[in-house]
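Asker: Could you look at this predicted model? Sequence included:
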Amino acid sequence: MDLEFNKNDDSMRLLISQMEQRLQKIHLGGGKNRIDKLHEQGKMTARERIDFLLDKDSPRFEMGAFAGYEMYAEHGGCPGGGVVIVIGYVSGKQCIVVANDATVKAGAWFPITGKKNLRAQEIAMENRLPIIYLVDSAGVYLPLQDEIFPDKEHFGRIFRNNAMMSSMGILQIAAVMGSCVAGGAYLPIMSDEAMIVDKTGSIFLAGSYLVKAAIGENIDNETLGGATTHCEISGVTDYKCADDKDCLTRIRNIMDKVGDYDKAGFNRTAPALPKKDPKEIYGILPDSRDKQYDMHEIIERLVDVGKHEEYKELYGQSIICTYARIDGWAVGIVANQRKIVKGKKPGGSNEMQFGGVIYSDSADKAARFIMNCNQKKIPLVFIQDATGFMVGSRSEQGGIIKDGAKLVNAMSNSVVPKFTIVVGNSYGAANYAMCGKAYDPRLIVGWPTAKIAVMGGAQAAKVLVQIEVASLKSAGEVITPEKESELFNRIKDRYDVQTTPYYAASRLWIDAIIDPLETRKVISMGIEMADHAPITKAYNVGVLQT
């Protein structure tokens with residue numbers, strides 16, 4: 001056991017080290033030379049601005065750091081999606097900060113930039129969280145304009161959300177700290193308050209070159225849309241700031257005077273640390289996604305004092321449903337059990353239940369537990385490590401589809417906030433039933449061990465190879481075992497790449513990849529964030545039959 005524990009521990013630490021190395025590179029944005037160029041202009045980088053703005057030594061959660069990872073290679077890449085987004089605290093108030101990274105293509109918007117910005121606004125709207133924009137962007141990245149400009153979830157949706165948030169009473173503050181051009185010029189002006197940095201900030205619908213081409217007027221950018229123009233002549237901006245630090249200090253001063261918010265009223269007591277060392281998670285979680293482990297051991301290292309009250313403990317054991325506290329917050333945990341257990345069946349027989357598979361009784365239990373949490377106004381935490389629902393004639397005849405639908409219905413209609421942690425496999429319908437991205441978790445994160453796909457690489461390759469071999473044989477081609485093996489490995493390798501947490505995070509299927517030791521902080525900050533938004537909708541499961 002100790003040998004296996006140490007092997008798992010080494011594997012997890014290696015994965016975390018690889019993650020941190022990749023993050024260090026992403027944090028450089030467009031590279032050191034471009035950072036130096038910003039400093040020569042008297043400007044701070046996006047990350048330096050956020051560090052100055054947020055309260056010192058306060059917790060923070062960066063969303064979407066891996067957005068765009070290994071994408072857009074033909075365009076030179078787009079580290080972090082060209083924008084840095086952090087949930088943190090300004091003058092003691094929790095808020096979300098969106099800062100364009102001008103070292104990445106002058107802060108231009110790639111398709112993933114738009115998706116990441118919309119996710120930030122979604123978080124702000126769902127949780128009624130103040131949002132601060134630190135604007136420094138050249139606008140839409142023109143070579144990819146057809147993928148970012150016209151559609152419903154593209155660039156224009158940003159301004160629609162600005163207007164919606166304004167009507168909802170969600171505070172928006174914008175600081176123009178660099179370029180703010182074309183359609184992007186509307187973002188700060190649709191915010192509640194806007195400020196601009198003298199000499200480096202500029203706002204205009206068209207820059208000097210386009211003005212010359214369009215109407216023949218000769219004018220420089222500073223006169224056209226600089227701080228003096230917009231603070232003294234047009235009145236477009238509210239504050240003229242001497243430099244970046246002056247601008248960020250003004251935001252802190254404004255946030256310092258913001259009143260308290262109406263709370264949802266989620267239950268919280270004094271926070272307490274887990275009784276068992278959370279670092280032991282490294283050794284408990286197997287180094288292979290095919291191996292078994294007891295999810296109770298993970299839960300006991302995530303919850304306060306290791307205490308939890310398990311619902312229907314001896315029934316439907318392939319899903320654990322339990323009440324607990326995380327950093328003082330009351331939570332209902334729905335977690336896939338990876339340990340093989342024997343479940344009691346009608347008639348008194350025992351049936352072996354495979355770890356990581358959702359059975360009918362487990363789905364039924366989880367649906368009822370979710371309904372109870374909604375009744376008690378307890379936030380839900382889903383811990384995913386499942387390969388899917390049980391298949392086969394016995395499961396189909398037992399109504400697995402009906403029970404699975406019951407779970408999906410109960411989870412989908414939940415009015416309490418949901419948070420999802422992908423610790424291992426997140427395959428097929430299990431991704432859906434356990435609150436994958438499509439089901440609006442307030443935050444969804446993955447550990448470095450996460451894998452997200454319709455099915456595992458080996459299983460998918462076997463299916464696809466069968467189809468391809470049948471097709472080739474029907475065309476008269478002779479398929480040798482060597483040829484079939486080559487096909488299998490090629491398909492599996494491609495599929496395995498698409499199941500990694502980095503592939504998921506680059507496309508914002510998850511909000512972040514985190515060290516398991518960050519899990520408690522992310523959940524706690526998430527529930528505090530959700531507490532900004534009182535629940536106004538009654539819980540109704542529609543056609544769900546209990």
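Answerer: Here it is on my side, so go on.
Asker: Please make it C-alpha for all contacts and neighbour counts, starting now.
Answerer: Will do.
Asker: The residue most central in space within the chain: what's it in contact with?
Answerer: With distances taken as C-alpha atoms, centre = their mean, Asp511 lies nearest the centre of the chain, 1.5 Å away. With contact taken as C-alpha atoms under 8 Å, 6 or more residues apart in numbering, Asp511 is in contact with 63-64, 443-445, 505.
Asker: Can you tell me which of those is nearest Trp109?
Answerer: Distances from Trp109 to the contacts of Asp511, taken as C-alpha to C-alpha, are shortest for Gly64 (14.8 Å).
Asker: Dump the helix or strand containing Leu487 to CSV, restricted to CA.
Answerer: Using DSSP states H and E, Leu487 maps to helix 481-498. C-alpha atoms of helix 481-498 as CSV (Å, rounded to 0.1, in the frame of the first residue of the first chain):
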residue,chain,number,x,y,z
PRO,A,481,-3.4,-7.8,-37.9
GLU,A,482,-0.5,-5.4,-38.3
LYS,A,483,-2.6,-3.0,-40.3
GLU,A,484,-5.4,-3.2,-37.8
SER,A,485,-3.0,-2.5,-35.0
GLU,A,486,-1.6,0.5,-36.8
LEU,A,487,-5.1,1.9,-37.3
PHE,A,488,-5.9,1.3,-33.7
ASN,A,489,-2.8,3.1,-32.4
ARG,A,490,-3.2,6.1,-34.7
ILE,A,491,-6.9,6.6,-33.7
LYS,A,492,-6.2,6.1,-30.0
ASP,A,493,-3.2,8.6,-30.0
ARG,A,494,-5.4,11.2,-31.6
TYR,A,495,-8.3,10.6,-29.3
ASP,A,496,-6.1,10.5,-26.2
VAL,A,497,-4.9,14.1,-27.0
GLN,A,498,-8.5,15.2,-27.1
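Asker: and the gap between the residue nearest to the centre of the chain and Gly436?
Answerer: To Gly436, Asp511 is 11 Å away according to C-alpha to C-alpha, to the nearest Å.
Asker: Give me the common contacts of those two.
Answerer: Counting by C-alpha under 8 Å, 6+ apart, the shared contacts of Asp511 and Gly436 are Ile444.
Asker: Where does the residue located most distally from the centre of the chain sit: helix, strand or coil?
Answerer: In the chain, counting by C-alpha atoms, centre = their mean, Gly476 sits farthest out from the average C-alpha position, at 48.1 Å. Here Gly476 is recorded as coil under DSSP: H, G, I helix; E, B strand; the rest coil.
Asker: Ramachandran coordinates for it?
Answerer: phi 90, psi 10 (degrees, to the nearest 10).
Asker: can you give me the mean pLDDT across the longest helix anywhere in the chain?
Answerer: Secondary structure of the chain per DSSP state H: the longest helix is helix 2-27. For helix 2-27, mean pLDDT is 97.
Asker: Flag every buried residue along the helix or strand just after it.
Answerer: The helix or strand immediately downstream of helix 2-27 is helix 32-40, counting by DSSP H and E. Neighbour counts over helix 32-40 (16 or more other C-alpha atoms under 10 Å) mark 34-35 as buried.
Asker: what's the distance between Tyr191 and Tyr133?
Answerer: One thing to correct before we go on: residue 191 is Ser, not Tyr. 9 Å.
Asker: where do the contact lists of these two overlap?
Answerer: 172-174.
Asker: among these, which are in strands?
Answerer: 172-174 (DSSP state E).
Asker: from the residues you listed, which is closest to Ser137?
Answerer: Of these, the one sitting nearest to Ser137 (C-alpha to C-alpha) turns out to be Ala174, at 12.9 Å.
Asker: my read: the closest one touches Ile132, true?
Answerer: Yes - using C-alpha atoms under 8 Å, Ala174 is in contact with Ile132, at 5.8 Å.
Asker: so how many other residues sit close to Leu53?
Answerer: Per other C-alpha atoms under 10 Å, the neighbour tally for Leu53 reads 21.
Asker: Quick check: it touching Val90?
Answerer: Yes - with contact defined as C-alpha under 8 Å, Leu53 reaches Val90; the gap is 6.6 Å.
Asker: any shared contact partners between the two?
Answerer: The overlap between the contact sets of Leu53 and Val90 (C-alpha under 8 Å, 6+ apart) consists of Arg252.
Asker: Show me the strands in the stretch 251-400 of the chain, by range?
Answerer: 308-310, 319-326, 329-336, 341-344, 350-353, 357-358, 380-386, 388-389 (DSSP state E, counting those that start in this stretch).
Asker: just so I know, which of the ones you listed lies nearest Ile251?
Answerer: strand 329-336 (29.8 Å).
Asker: Between strand 319-326 and that closest one, find me the angle.
Answerer: 160 degrees (axes from the mean of the first three to the mean of the last three C-alpha atoms, to 10 degrees).
Asker: Which strands and helices lie in contact with strand 329-336?
Answerer: The contact analysis (3 or more C-alpha pairs under 8 Å, 6 or more residues apart in numbering; DSSP states H and E) places strand 329-336 against strand 319-326, helix 360-376, strand 380-386.
Asker: can we see that at 10 Å?
Answerer: Other elements packing on strand 329-336 under the criterion 3 or more C-alpha pairs under 10 Å, 6 or more residues apart in numbering; DSSP states H and E are helix 295-299, strand 308-310, strand 319-326, helix 360-376, strand 380-386, strand 418-427, helix 519-530.
Asker: mind putting these in CSV, mean pLDDT, distance to Ser412 and mean neighbour count included?
Answerer: Below are the helices and strands packed on strand 329-336 laid out as CSV (pLDDT from 0 to 100; distance: least, C-alpha to C-alpha, whole Å; neighbours: other C-alpha atoms under 10 Å):
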stretch, mean pLDDT, distance to Ser412, mean neighbour count
helix 295-299, 97, 24, 20
strand 308-310, 97, 22, 15
strand 319-326, 98, 17, 25
helix 360-376, 96, 10, 21
strand 380-386, 97, 12, 27
strand 418-427, 97, 10, 26
helix 519-530, 98, 17, 21
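Asker: To Lys451, which of the ones you listed lies closest?
Answerer: Across the helices and strands packed on strand 329-336, closest to Lys451 is strand 418-427 (C-alpha to C-alpha), at 4.9 Å.
Asker: just the CA coordinates of stretch 352-372, formatted as CSV?
Answerer: Taking C-alpha atoms only, stretch 352-372 is exported to CSV below (Å, rounded to 0.1, in the frame of the first residue of the first chain):
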residue,chain,number,x,y,z
MET,A,352,-21.1,-6.4,-7.9
GLN,A,353,-21.1,-2.7,-8.9
PHE,A,354,-18.1,-1.6,-11.0
GLY,A,355,-16.3,1.5,-9.8
GLY,A,356,-16.9,4.7,-11.8
VAL,A,357,-20.1,3.4,-13.4
ILE,A,358,-23.5,4.9,-12.6
TYR,A,359,-26.3,2.4,-11.9
SER,A,360,-30.0,2.8,-11.8
ASP,A,361,-30.2,2.8,-8.0
SER,A,362,-27.4,5.4,-7.8
ALA,A,363,-29.0,7.7,-10.3
ASP,A,364,-32.3,7.5,-8.4
LYS,A,365,-30.6,8.2,-5.1
ALA,A,366,-28.6,11.2,-6.5
ALA,A,367,-31.8,12.7,-8.0
ARG,A,368,-33.6,12.5,-4.6
PHE,A,369,-30.6,14.0,-2.8
ILE,A,370,-30.4,16.9,-5.3
MET,A,371,-34.1,17.6,-4.6
ASN,A,372,-33.4,17.6,-0.9
